[in-house]
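A.B. asks: Turn this into a structure:
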Amino acid sequence: MTALHRLREEAAVALLAVQFLTRLPVPAPYTPERLAATPRWYPAVGVLVGALAAAALWLAAQGFPPALAALASTAFGLMLTGAFHEDGFADACDGLGGGQTRERVLEIMRDSRLGTYGTVGLGLMLAGKVMALAALPLPVAAAALVAGHAASRASAVAVIATATYARDHGTGKPVATGLSAAGLAFALATAAVAALPLSALAGGVAVAAAAGGLILGHLAMRSRFERRLGGYTGDCLGAVQQCSEVGFLLALVAAL
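C.D. replies: Model (predicted):
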């Protein structure tokens with residue numbers, strides 16, 4: 001394989017990652033091998049989504065108070081991704097909250113209907129993110145969206161790299177085995193670079209605190225689904241991404 005061919009193949013993998021995680025209309029020829037390789041690009045997709053949401057925040061803030069600007073930005077982000085991760089979080093809340101056995105948890109999570117646990121959990125999660133963004137100075141909030149989206153997707157990638165897929169099939173199955181050590185390193189490095197503007201604006205201590213909040217969110221959700229399922233599902237990846245993102249933002253607010 002020539003260097004040019006490898007570059008084209010990697011570009012196809014990156015575009016497929018955008019197609020998989022968002023509703024953006026990008027051309028991305030599918031192959032199972034390319035889809036399996038997409039996790040290394042998830043934080044980069046987070047940078048893209050975060051940057052667009054930050055632009056929406058900045059524009060909305062020109063005419064609306066912080067809370068409404070944060071709400072508009074969050075709604076725009078949901079449109080960009082089709083609430084992909086939020087749907088997984090809500091399903092995980094329903095399954096982990098309502099299932100008494102491993103089999104029942106998986107059955108509930110497979111059900112497309114939204115239950116009480118999912119409704120309450122998703123509402124609180126979205127409210128926490130909106131309120132955290134509204135509490136931050138506008139430049140810091142914009143940079144936090146880029147850093148938080150990237151880092152929280154790296155958090156989900158870490159689950160793929162270090163845990164076992166709990167189903168025989170499902171939305172997360174195709175990407176469960178395609179992540180190499182180099183791919184994980186690339187994903188983590190992307191998240192680290194994405195945090196540099198936030199560090200310049202808020203300071204290294206605040207970013208370290210935000211990283212600590214992300215880790216706490218990651219561990220809180222991960223410990224729950226791994227204990228109940230012995231591994232993860234696609235819904236669990238969405239759940240750990242959401243918990244990591246809100247942990248990042250809340251810790252950042254607390255540190256400033």
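A.B. asks: just for this protein, where's the confidence low?
C.D. replies: Counting by pLDDT under 70, the chain shows low-confidence ranges at 1, 170-173, 176.
A.B. asks: Roughly how far does the residue in it sticking out farthest from the centre sit from Arg8?
C.D. replies: Residue farthest from the centre of the chain, counting by C-alpha atoms, centre = their mean, is Thr2 at 33.5 Å. From Thr2 across to Arg8, the span is 9 Å (C-beta to C-beta, to the nearest Å). Any C-beta I mention is one placed from the backbone N, CA and C, and that applies to glycine too.
A.B. asks: same thing with Thr74?
C.D. replies: 36 Å.
A.B. asks: ok, the two, which is more surrounded?
C.D. replies: Thr74 (19 against 12; other C-beta atoms under 10 Å).
A.B. asks: show me the contacts for the residue nearest to the more buried one when sequence neighbours are not counted.
C.D. replies: Residue nearest to Thr74 in three dimensions, not counting chain neighbours: Val130, with 5.4 Å by C-beta to C-beta, 6 or more residues apart in numbering. With contacts defined as C-beta atoms under 8 Å, 6 or more residues apart in numbering, Val130 is in contact with Ala67, Ala70, Leu71, Thr74.
A.B. asks: change it to 6 Å
C.D. replies: Ala70, Leu71, Thr74 (C-beta atoms under 6 Å, 6 or more residues apart in numbering).
A.B. asks: Secondary structure class of the second one, three-state.
C.D. replies: What that stands for is Leu71. helix (DSSP: H, G, I helix; E, B strand; the rest coil).
A.B. asks: Which residue is the nearest non-sequential neighbour of it?
C.D. replies: Closest to Leu71 by C-beta to C-beta, 6+ apart is Val130, at 5.3 Å.
A.B. asks: Can you classify that neighbour by secondary structure?
C.D. replies: Val130 ends up helix, using three-state DSSP.
A.B. asks: What ranges does the stretch 151-256 of the chain have for its helices?
C.D. replies: For the stretch 151-256 of the chain, the helices defined by DSSP state H, counting those that start in this stretch occupy 181-194, 196-202, 204-229, 234-255.
A.B. asks: Please name whichever of those is nearest to Ala28.
C.D. replies: The closest of those to Ala28 is helix 181-194. By C-beta to C-beta, the value is 17.7 Å.
A.B. asks: Contacts for that closest one next, please.
C.D. replies: By C-beta under 6 Å, 6+ apart, helix 181-194 touches Arg40, Pro43, Ala44, Val47, Val146, Ala147, Ala150, Ala151, Ala154, Val157, Ala161.
A.B. asks: can you count the residues close to the first one?
C.D. replies: Yep, that's Arg40 we're talking about. 27.
A.B. asks: got the contact list for it?
C.D. replies: Shown in contact with Arg40 (C-beta under 6 Å, 6+ apart): Gly183, Phe186, Ala187.
A.B. asks: which of these lies closest to Thr81?
C.D. replies: Ala187 (17.6 Å).
A.B. asks: and the gap between that closest one and Arg227?
C.D. replies: The value you get for Ala187 to Arg227, if C-beta to C-beta is used, is 25 Å.
A.B. asks: who's more crowded, these two?
C.D. replies: Ala187 (27 against 9).
A.B. asks: which residues touch the nearest residue to Ala166 once chain neighbours are set aside?
C.D. replies: Leaving aside its sequence neighbours, Ala166 sits nearest to Gly231 (C-beta to C-beta, 6+ apart; 3.6 Å). Contact analysis of Gly231 by C-beta under 6 Å, 6+ apart lists Ala163, Thr164, Tyr165, Ala166.
A.B. asks: Would you mind giving the residues you listed as CSV with distance to Val246 and neighbour count added?
C.D. replies: CSV is the format used below for these (distance: C-beta to C-beta, whole Å; neighbours: other C-beta atoms under 10 Å):
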residue, distance to Val246, neighbour count
Ala163, 21, 19
Thr164, 25, 11
Tyr165, 24, 22
Ala166, 24, 23
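A.B. asks: Could you work out the most separated pair of the residues you listed?
C.D. replies: Counting by C-beta to C-beta, the most remote pair of these is Ala163 and Ala166, 8.7 Å apart.
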